[in-house]
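**Student:** What would the 3D arrangement of this be:
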Amino acid sequence: MRVSVSSMFLWDLDPRGIADVISGARLDGVELWVETPWYWEGGRRKEQAEEMKRELDGLAKTVHAPVMDLNPASYNDRVCRATMEETLRAIDLAGFLGADLVTIHPGRRTAKRPVREVEREKLRRYLRACLDRAVEGGILLALENLEPLPWNICADVEEMGRFLDDFPLGMTLDISHAIPPLSRGIAFAETFAERILNVHVSTTREGTRHHPISDGSADDVLAALRKIGYDGPLTLELDDNKFAGTLSKEDKVGVLIGERRHLESVWG
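**Tutor:** Numbers count the residues shown, from 1 in each chain. Next comes the predicted model:
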């Protein structure tokens with residue numbers, strides 16, 4: 001079992017702070033959201049990438065491509081192009097940092113209406129371009145399942161399967177996006193046992209996502225992953241906004257220790 005944490009939960013920290021929390025919680029790695037403010041709003045300068053590489057040396061690293069304000073299947077073709085350009089930059093950053101995997105989102109129909117074939121074709125164009133760059137850099141791409149809403153692409157097992165059949169991609173299983181019901185999360189795990197390269201670990205509680213998984217509500221999905229022999233990173237993707245009050249670094253260490261211990265108890 002390899003436990004990582006998404007910088008979504010470490011949103012307010014710089015690389016040194018991220019490294020301190022990971023060390024304190026005795027985790028194995030980090031998934032860097034490119035949009036983490038220190039980097040994204042700080043200008044994304046070369047020296048910042050060098051600082052991330054230096055401070056996070058020795059940790060297993062994955063990268064999450066930017067998704068805020070972006071959408072590879074957007075109604076606006078300029079948004080599609082911007083999404084592609086930013087994902088290509090994220091793939092290049094992963095190569096520089098020594099990360100071997102980049103998680104990407106499949107996108108959605110801009111209007112809150114069911115997905116059409118035109119949106120799927122835009123996603124295919126995006127995937128072809130991203131795969132070309134990833135292959136050049138020796139980077140794996142993992143397509144993430146989205147929340148089960150009519151306008152989201154790859155929100156169900158069947159559609160994810162069609163894209164994984166057509167493209168040499170892995171999958172990032174986001175547990176919180178898949179549940180409820182638990183059966184959908186288990187179906188993703190069992191159907192794509194050979195393609196899952198990364199797991200975003202959190203749960204859905206009262207209709208809101210990315211809560212701590214230590215309440216046991218998603219243990220059946222974790223058990224299914226263990227049963228299929230999953231041995232990639234278990235990436236704690238928690239939203240620090242879902243906690244009462246502002247969490248200090250020490251608070252975050254404590255939360256992550258509790259989550260890691262729960263995963264250890266389920267994984268055995």
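**Student:** Tell me where the stretch 51-200 of the chain has strands.
**Tutor:** With DSSP state E, counting those that start in this stretch as the criterion, the stretch 51-200 of the chain has strands at 60-64, 101-104, 140-144, 170-174, 196-201.
**Student:** Paired strands for the first one, with orientation please.
**Tutor:** In its sheet, strand 60-64 lies beside strand 29-33 (parallel), strand 101-104 (parallel), with partners assigned from DSSP bridges.
**Student:** can I get the ones you listed in JSON lines with mean pLDDT?
**Tutor:** Shown next, in JSON lines, are the strands paired with strand 60-64 (pLDDT from 0 to 100):
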{"stretch": "strand 29-33", "mean pLDDT": "97"}
{"stretch": "strand 101-104", "mean pLDDT": "98"}
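**Student:** would JSON lines of these with mean neighbour count and distance to residue 224 be doable?
**Tutor:** (C-beta placed from N, C-alpha, C; glycine too.) Formatted as JSON lines, the strands paired with strand 60-64 follow (neighbours: other C-beta atoms under 10 Å; distance: least, C-beta to C-beta, whole Å):
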{"stretch": "strand 29-33", "mean neighbour count": "25", "distance to residue 224": "21"}
{"stretch": "strand 101-104", "mean neighbour count": "26", "distance to residue 224": "20"}
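**Student:** mind listing what the residue nearest to residue 29 when sequence neighbours are not counted touches?
**Tutor:** Sequence neighbours aside, residue 60 is the residue nearest to residue 29 in space, at 3.2 Å (criterion: C-beta to C-beta, 6 or more residues apart in numbering). Contacts for residue 60 (C-beta atoms under 8 Å, 6 or more residues apart in numbering) come out as 2, 4, 28-30, 233.
**Student:** picking that back up, identify whichever of the strands of the stretch 51-200 of the chain lies nearest to residue 211.
**Tutor:** Closest to residue 211 of these is strand 196-201 (C-beta to C-beta; 10.8 Å).
**Student:** which residues are in contact with the closest one?
**Tutor:** By C-beta under 8 Å, 6+ apart, the list of residues contacting strand 196-201 reads 6, 31, 62, 101, 103, 140, 142, 144, 170-177, 188-189, 213, 222, 225, 230, 232-237, 259, 263.
**Student:** Quick check: buried residues in it?
**Tutor:** 196-201 (16 or more other C-beta atoms under 10 Å).
**Student:** from those, which is closest to residue 11?
**Tutor:** residue 200 (15.5 Å).
**Student:** Could you check the pLDDT of that closest one?
**Tutor:** Note for residue 200: predicted pLDDT of 98.
**Student:** List the beta-bridge partners for it.
**Tutor:** residue 174, residue 235.
**Student:** Can you lay out the strands paired with strand 60-64 as a markdown table showing distance to residue 45?
**Tutor:** Output for the strands paired with strand 60-64, formatted as a markdown table (distance: least, C-beta to C-beta, whole Å):
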| stretch | distance to residue 45 |
| --- | --- |
| strand 29-33 | 15 |
| strand 101-104 | 20 |
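**Student:** how many neighbours does residue 51 have?
**Tutor:** 16 (other C-beta atoms under 10 Å).
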